Every structure is written in C-alpha cells, then in structure tokens.
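Enquirer: predicted model follows, preceded by the sequence.
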Amino acid sequence: MAFRLAASRTLARSGAVVNTRLLSSAAASGELDRMHSAENFEAVLDKFAQIRACAVLRTATSEACPKAMQAAIDGGFKIVEFTLTTPDCLDHLADFRAKYDGDVMVGCGTIMNPADAERAIDAGSEFIITPVMLPEVIEWCRDRKIVCVPGCQTPTELHTAYMCGAPLQKLFPGVAGGPMWVKAVSSALPHLAINPTSGVDLDNAGEFLNHGAASVGLVAPLFNPDAIASGDWDQIAKNAEKVMGNVRAAGPYQRKK
C-alpha cells in the first residue's frame, strides 16, 4: 500500500483545513479523498473486539520510539498507537505499518484537527485517536469510513461522541472512574463501546474488560519511563506479556452492530 506522507507534509505547511460540516453529500457519493471501504471499517472494529488492548506510546526522543514499540509487539501486542507528541511519529508509524501490515494494526493518537488526521492517514494510520472530544475530527473520519476513537470524560461526552459517529469511545483518563465506573455507564448506556486509557495497568486491564469495557489502552504501565530511559526493552516486552495474558483471559468482545 502506498502512503502519502510527503503530500501530507505539504498540506500541513500550507495550513489547509477541511470544513467537515460541508462533506455529507460528498461522503454519500463516495467522492471524498482518503475514503476507506465499509469492509475496512468493520475489519478495524473487529480487530479491536478480538484483541481488546492497544499499546499507546509517547517517547521524549525519536530514537527510543521504534525500540519501545518493537518490545511491546514482541511481548504480544497486535494493536499499537503512535502519538503525535513523539518526535518523528509519522515516520515511525509508516515504518511499522509497512513492516507489519495485516498482522499488527497501527494507529495514530493525539490528533487535534482534521489536518492532523489527514497526515496520519497518509502515513498509513488505520485508525484515529483524539485526547478530547472533537466533533470536527469525528465527523471527518465518519464521512470517510475511518474509525475514530475520541477522548471523553463524562457519560454525556461519550454519548455525544457516539452520536457524532465514533463507534468506539476512549475514556480518558480512565483512572478518574475505574472499572466500576465503566460498569455503571456501560450498563446504563449499552450502545457505547468504551475504551479506558490512562488508569489501566498491567493488573487491572482484565478487570476493566470484565466490567464492560470494549477494549483498553496501555500507556505508562506498559512503557515504563524508567525502562525507556535506561533502554530496558526486555522489561517492556515482559510488561506486554503480562498484560496481554490478563486481556486474553477476558475473552473477545461482542460487538454491538
């Protein structure tokens, strides 16, 4: 698959921003650029439902990024997220997409606007993650059949994200509520598919899943800052093995279609 990273950098320099609220008719006719297929959209969601855990990486240096992510994959992760706050994020994302296409699903996080989403998709991102609830990004992705997982904190934000077109909703930070909060909200609002991130650790990942979370995101507990600073990639791989064992024990998620 050929990715358009160079073109996206030109777009970013130009400052071009798409008005997503004018795209509905174009989306209906399939005329939008970067349009994905319905089959691809469903395949991404099926993989989230099967694997149920995503490795979320941000590093202070470009050099550490591929080594840390490789360790997580070696430890068993099949869904990974590179964040735009990492130096050379899109270069690393493109490299891993080319290396693992069809095996490990690669996405991009800390997306703040449609221009960020364009650059990420051009680099090969298979899904889009935002840290907060951004309707313009959700709608941009919705119109192109791209899976967007927006950051939300309250039940109202989670529901609003769903109504805007987000099929999976990121609870951020998950530490604010914990597994019982997820259980209460997912019971009251069963149409949601909640993905807690931050607050999920190596031991409680399975608890979140067993209490109603569709999937989880692992950040610092997986990518321990001290391990990254010292280059202890074996420790990260061991962290990955431990948490994926707990995730697999919870079994697959039954999607609400």
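Expert: Thanks, I have the structure now. Owing to the predicted nature of the structure, the values given are computational and were not obtained by experimental measurement.
Enquirer: now do the strands in the stretch 151-257 of the chain.
Expert: Assigned by DSSP state E, counting those that start in this stretch, the stretch 151-257 of the chain shows strands spanning 151-152, 169-171, 194-196, 216-218.
Enquirer: turn these into a markdown table, columns for mean pLDDT, distance to Ala205 and mean neighbour count.
Expert: From N, CA and C alone the C-beta is placed, and that goes for glycine too. Below are the strands of the stretch 151-257 of the chain laid out as a markdown table (pLDDT from 0 to 100; distance: least, Cβ to Cβ, whole Å; neighbours: other Cβ atoms under 10 Å):
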| stretch | mean pLDDT | distance to Ala205 | mean neighbour count |
| --- | --- | --- | --- |
| strand 151-152 | 98 | 18 | 24 |
| strand 169-171 | 98 | 13 | 29 |
| strand 194-196 | 97 | 9 | 28 |
| strand 216-218 | 98 | 5 | 27 |
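Enquirer: of the ones you listed, which is nearest Ala68?
Expert: strand 216-218 (12.1 Å; Cβ to Cβ).
Enquirer: quick one: that closest one to chain centroid distance?
Expert: Its chain's C-alpha centre and that of strand 216-218 lie 9 Å apart, by Cα atoms, centre = their mean, to the nearest Å.
Enquirer: which elements pack onto that strand?
Expert: Contacts defined by 3 or more Cβ pairs under 8 Å, 6 or more residues apart in numbering; DSSP states H and E place strand 216-218 against strand 53-57, strand 194-196, helix 205-210.
Enquirer: ok, 6 Å please
Expert: strand 53-57 (3 or more Cβ pairs under 6 Å, 6 or more residues apart in numbering; DSSP states H and E).
Enquirer: number of residues surrounding Asp203?
Expert: For Asp203, the number of neighbouring residues by other Cβ atoms under 10 Å comes to 11.
Enquirer: related to what we said a few turns ago, so can I have TSV of the strands of the stretch 151-257 of the chain showing distance to Ala184?
Expert: As requested, the strands of the stretch 151-257 of the chain are exported to TSV (distance: least, Cβ to Cβ, whole Å):
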stretch	distance to Ala184
strand 151-152	15
strand 169-171	12
strand 194-196	11
strand 216-218	17
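Enquirer: between those, which one is closest to Ala55.
Expert: So among the strands of the stretch 151-257 of the chain, strand 216-218 is nearest, using Cβ to Cβ, at 5.8 Å.
Enquirer: show me the contact partners of the closest one.
Expert: Here strand 216-218 makes contact (Cβ atoms under 6 Å, 6 or more residues apart in numbering) with Ala53, Cys54, Ala55, Val56, Pro196, Thr197, Val200, Ala205, Phe208, Val243.
Enquirer: quick one, helices of the stretch 51-200 of the chain?
Expert: Remark: helices assigned in the stretch 51-200 of the chain by DSSP state H, counting those that start in this stretch are 64-74, 89-100, 114-123, 135-143, 155-164, 179-188.
Enquirer: would JSON lines of these with mean pLDDT and mean neighbour count be doable?
Expert: Converted to JSON lines, the helices of the stretch 51-200 of the chain look like this (pLDDT from 0 to 100; neighbours: other Cβ atoms under 10 Å):
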{"stretch": "helix 64-74", "mean pLDDT": "98", "mean neighbour count": "21"}
{"stretch": "helix 89-100", "mean pLDDT": "98", "mean neighbour count": "19"}
{"stretch": "helix 114-123", "mean pLDDT": "98", "mean neighbour count": "24"}
{"stretch": "helix 135-143", "mean pLDDT": "98", "mean neighbour count": "23"}
{"stretch": "helix 155-164", "mean pLDDT": "98", "mean neighbour count": "18"}
{"stretch": "helix 179-188", "mean pLDDT": "96", "mean neighbour count": "17"}
